[in-house]
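what would the 3D arrangement of this be:
(2 chains)
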Amino acid sequence: MAKKIMVIDDEQDIVKYMTVLFEDHGYEVISATDGSEALKILDDSVPDLITLDLQMDKVWGPQFYRNMSKNPALKDIPVIVVSGVARPELAIKKAAAVVSKPFDPEELIRIVREHIGE
Amino acid sequence: MTTPNQTTILLVDDEEGIRRVLSVALSDMGYRVLTAENGREGLALFKAERPPIVITDIKMPDIDGVDLLRMIKEIDPDTEVVMITGHGDMDTAIQSFQREASDFIIKPIHVDNLEASLRRVERRILAREKLREYTHSLESLLHRKTKEYAGLERLLQSRGAEPEAGDIIHRFQRLFDDLPCHVAIIDEDLVLTATNRKFRRDFGDREGEVCYRVLKQADSPCPECPVLAAFKTGESQEGETEIKTPAGDAHPVLVWTSPVRTTGGGDPTHVLALYTDMAQINRVQDHLRSLGLMVGSISHSIKGMLTGLDGGMYLLDSGLRKGDDGRVNEGLCLVKEMVGRIRRMVLDVLLFSKDRGLKKAETSVCEFAEGAATGIRPLAAEHGIDFLLECPEDAGKFEVDAALLRTAVVNVLENAVDACIEEKGREFHRIVFRVRGDDKEVVFEVEDDGVGMDEETREKMTALFFSSKERKGTGLGLYITNRTVQEHGGTVAADSEPGRGTVFTIRIPRIAGTPKEASGQTGAPGGGAS
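Residues are numbered from 1 along each chain as shown, chains lettered A, B, ... in the order given. The predicted structure is shown next:
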């Protein structure tokens, strides 16, 4: 069965981009445009990996991560921070990886494969 | 066509088209133009012709513009070098300024911008020549008067009288006092033995104290002291430095030092030092201000747009490969949308970089504070920092250029966020943005519990290009804040210690006054200087 990735980003265009990118590489994709929506979706559907933007209006990246870490069912899912802020590595210290926007799609795919395989 | 008074400009660019177009434009402006198509050729031409002004592209194969700048400055530090830069080369542009480039022009090059830039450069050359004239005439005057005085002394002595040279000394003193720059006579121990009126007005009566303490509030001589160099070489020296009045105002100055020999030849006993305020440098710095605002405020949105553009291209590519017309269309739309956004932003930036004076208007203090807070909330939130705005409802109104001042205040807020991110001892951080004031002024306080600053950082933080943030800082943020607040007749001060956070206090008069020249505290902001 295909591995599942959740894309969280407040820009619809970027969600679309990452969705197509991951689907083209054989992954199943679910998505959300802010942290609170993501948490709701996670009640029903648990992905193998999450890509997380930091700057979002409602529940921002670090807050989402704090909430998600409290849930035993979710806390071990690898999270890749994908953000355009300066020094995103400081925001979530336990992130599996940090990717700066704009990113190289092949590099992102390589990192995803490193964590969850094909 | 060459006339004797024509200024020569060396133009170095690897693109033939640019060389051709700029040559014509520069010739039309009355310059004699030499061109070179690469750094090596440019350097050879520079050595042969020694033009006072060089315009060079940054990106060139072989020797690039920044290297060429460095080599030219080594040969003749007075050469004015203007850099041509693309939009992507902000880092290199800043690097060039640190290597003392005079100015830069962004591609595509508009003749108006080129002309304005060359005007600034020529003003700078003129200022330097004027200073040289001042010093030379002062030097020869000093020489003549010393001789006259010695002659008079001999004459008086031969009459058996004490020298009565009061009149000559008085006239000399008047000239010394009237010079429109800071003048000091300094002895071998770097002690000030005489100072002129302007010097005393700005620094107080400090004769008998060492120059570096008075002029720089430093505990040791400057590394490349032009006074010591004049003693050592017996020749005039010049350099650029920054002096600081006891009131805290920093002035970039051109220093000219000249050895004084009181008795016929021999080793100099004193050095005459002249410090001329570089108002011309300030013009270049004004230009930099817009660059600083650009770098700070747009980098995040640029990254977003580039990601969107990448996305559009990926969709296009993927759609074409799979024969999925819907996807091709989506990709096209996204590319169009991003290109539009990028174009709008570039236009905004171009508009913003143009010189503008203050556009003051009556503004509600609370609305202003809320506006500045809105600019920083997402960043604070992103890093899990509590951000609190405290503004009393009756904070009233003030007369300011809200857009400019907002950027100045946001710079301080951004620094507070950076200081909190940098501080890793506490799990949670908090920034309080407090507004208070009375009927005369409005006071903004930014309090953070971040890393804090040591004394050195606090002193340097408003200096151009000083940054405590390693590669991240441009060294422009607090410089800009300080300038903008001063333009509003206000002051910036910082209270901070390492590990104990920082409180920045910005005071703005309610009614637009004139900028404060030499009063008030000028320290300045930031949890670290940006």
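
tell me which parts of chain A are close to chain B?
Selection of chain A residues close to chain B by CB under 8 Å from any CB of the partner chain yields A:11, A:13-14, A:16-18, A:20-21, A:24, A:54-55, A:57, A:60-63, A:66, A:84-87, A:90-91, A:100-103, A:105. Every residue, glycine included, has its C-beta placed from N, CA and C.

give me every residue in chain B lying close to chain A.
B:299-300, B:303-304, B:306-312, B:314-315, B:318, B:327, B:330, B:334, B:337, B:378-379, B:381-384, B:421, B:472.

same thing but at 7 Å, please
B:300, B:303-304, B:306-308, B:310-311, B:314-315, B:318, B:327, B:330, B:334, B:378, B:381-384, B:421, B:472 (CB under 7 Å from any CB of the partner chain).

which residues touch whichever residue of chain A sits closest to chain B?
Chain B sits closest to residue A:17 of chain A, with a gap of 2.9 Å, by CB to the nearest CB. Going by CB atoms under 7 Å, 6 or more residues apart in numbering or on different chains, residue A:17 touches B:311, B:314-315.

what is the nearest of those residues to chain A?
Looking across those and measuring by CB to the nearest CB, the closest to chain A is residue B:311, at 2.9 Å.

ok, that closest one touching residue A:13?
Yes. If you go by CB atoms under 7 Å, residue B:311 and residue A:13 touch, sitting 5.8 Å apart.

which one of these two is surrounded by more residues?
Of the pair residue B:311 and residue A:13, residue B:311 is the one with more neighbours under other CB atoms under 10 Å in any protein chain shown, namely 27 against 20.

helix, strand, or coil at the closest residue to the more buried one other than its chain neighbours?
Nearest in space to residue B:311, with sequence neighbours left out and distances taken as CB to CB, 6 or more residues apart in numbering or on different chains, is residue A:17 at 2.9 Å. Three-state call for residue A:17 (DSSP: H, G, I helix; E, B strand; the rest coil): helix.

please check the residues of chain A next to chain B and keep the buried ones.
Listed as buried from the residues of chain A next to chain B are A:11, A:13-14, A:16-18, A:20-21, A:54-55, A:60-63, A:84-86, A:90-91, A:100-103, A:105; burial here means 16 or more other CB atoms under 10 Å in any protein chain shown.

looking at these, which are in strands?
In strands, judged by DSSP state E, the following of these are found: residue A:100.

quick one: which helix or strand includes the residue positioned nearest the centre of chain A?
With distances taken as CA atoms, centre = their mean, the residue of chain A nearest its centroid is residue A:51 (1.3 Å). Using DSSP states H and E, residue A:51 falls within strand A:49-52.

may I have that strand as PDB, with CA atoms only?
What follows is strand A:49-52, C-alpha atoms only, in PDB (Å, rounded to 0.1, in the frame of the first residue of the first chain):
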ATOM      1  CA  LEU A  49       5.000  11.600   7.400                       C
ATOM      2  CA  ILE A  50       4.100  15.300   7.700                       C
ATOM      3  CA  THR A  51       5.500  18.300   5.900                       C
ATOM      4  CA  LEU A  52       4.800  21.500   7.900                       C
END
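
how far does that strand sit from its chain's centre?
2 Å (CA atoms, centre = their mean, to the nearest Å).

repeat that for stretch B:75-87.
The mean C-alpha position of stretch B:75-87 is separated from the chain mean by 16 Å, CA atoms, centre = their mean.

which residues are contacting it?
Residues contacting stretch B:75-87 (CB under 7 Å, 6+ apart): B:13, B:47, B:50, B:52-59, B:65, B:69, B:72-73, B:92-93, B:96, B:101-107, B:109, B:117, B:121, B:124-125, B:128.

in helices only, show me the residues you listed.
Among the contacts of stretch B:75-87, DSSP state H puts B:47, B:65, B:69, B:72-73, B:92-93, B:96, B:117, B:121, B:124-125, B:128 in helices.

now those residues as a markdown table including pLDDT and neighbour count?
Formatted as a markdown table, the ones in helices among the contacts of stretch B:75-87 follow (pLDDT from 0 to 100; neighbours: other CB atoms under 10 Å in any protein chain shown):
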| residue | pLDDT | neighbour count |
| --- | --- | --- |
| B:47 | 93 | 12 |
| B:65 | 89 | 29 |
| B:69 | 91 | 25 |
| B:72 | 93 | 25 |
| B:73 | 88 | 15 |
| B:92 | 69 | 18 |
| B:93 | 67 | 23 |
| B:96 | 70 | 24 |
| B:117 | 85 | 21 |
| B:121 | 83 | 23 |
| B:124 | 76 | 21 |
| B:125 | 80 | 17 |
| B:128 | 71 | 19 |
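
bridging residues for residue B:364?
Counting by DSSP bridges, residue B:364 forms beta bridges with residue B:397.

what about it, distance to chain A?
25 Å (CB to the nearest CB, to the nearest Å).

and that residue, what pLDDT?
The model reports residue B:364 with a pLDDT of 92.

so it makes contact with residue B:398?
No. Taking contacts as CB under 7 Å, residue B:364 lies outside contact range of residue B:398: 8.5 Å.

the two: who's more crowded?
Taking neighbours as other CB under 10 Å, residue B:364 and residue B:398 compare with residue B:398 leading, 23 against 15.

okay, that one and chain A: tell me how far apart.
Taken as CB to the nearest CB, the span from residue B:398 to chain A is 30 Å.

so what's that residue up against?
Counted by CB under 7 Å, 6+ apart, residue B:398 has contacts B:363, B:365, B:442, B:508, B:510.

what do you get if the cut-off is 6 Å, keeping everything else the same?
B:365, B:442, B:510 (CB atoms under 6 Å, 6 or more residues apart in numbering or on different chains).

give me the number of residues near the first one?
Yep, that's residue B:365 we're talking about. Neighbours of residue B:365 using other CB under 10 Å come to 22.

that one reaches residue B:443, doesn't it?
No. The pair residue B:365 / residue B:443 is not scored as a contact, 10.1 Å apart, by CB atoms under 6 Å.

which strand in chain B has the most residues?
strand B:250-260.

any stretches of the stretch 401-530 of chain B with poor pLDDT?
B:456, B:458-477, B:479-480, B:512-530 (pLDDT under 70).

give me the residue from it nearest chain A.
Counting by CB to the nearest CB, the stretch 401-530 of chain B gets nearest chain A through residue B:421, at 5.2 Å.

dihedrals phi and psi, that residue?
Taking degrees, to the nearest 10, you get phi -60, psi -40 for the backbone angles of residue B:421.

OK, contacts around it?
Counted by CB under 6 Å, 6+ apart, residue B:421 has contacts A:90, B:383.

do the same with residue B:434
Per CB under 6 Å, 6+ apart, neighbours of residue B:434: B:390, B:445.

which of the three states applies to it?
Classification of residue B:434 using three-state DSSP returns strand.

cool, residue B:492 as well?
Applying three-state DSSP: residue B:492 is strand.

for it, the count of nearby residues, please.
Residue B:492 has 28 nearby residues by other CB under 10 Å.

likewise residue A:58?
By the criterion of other CB under 10 Å, residue A:58 has 13 neighbours.

and residue B:487, how many neighbours?
Residue B:487: 20 neighbours (other CB under 10 Å).

look up how far residue B:410 lies from it.
For residue B:487, the distance to residue B:410 (CB to CB, to the nearest Å) stands at 16 Å.

now swap in residue B:363 and tell me
In terms of CB to CB, residue B:363 sits 15 Å off from residue B:410.

alright, calling it a day.
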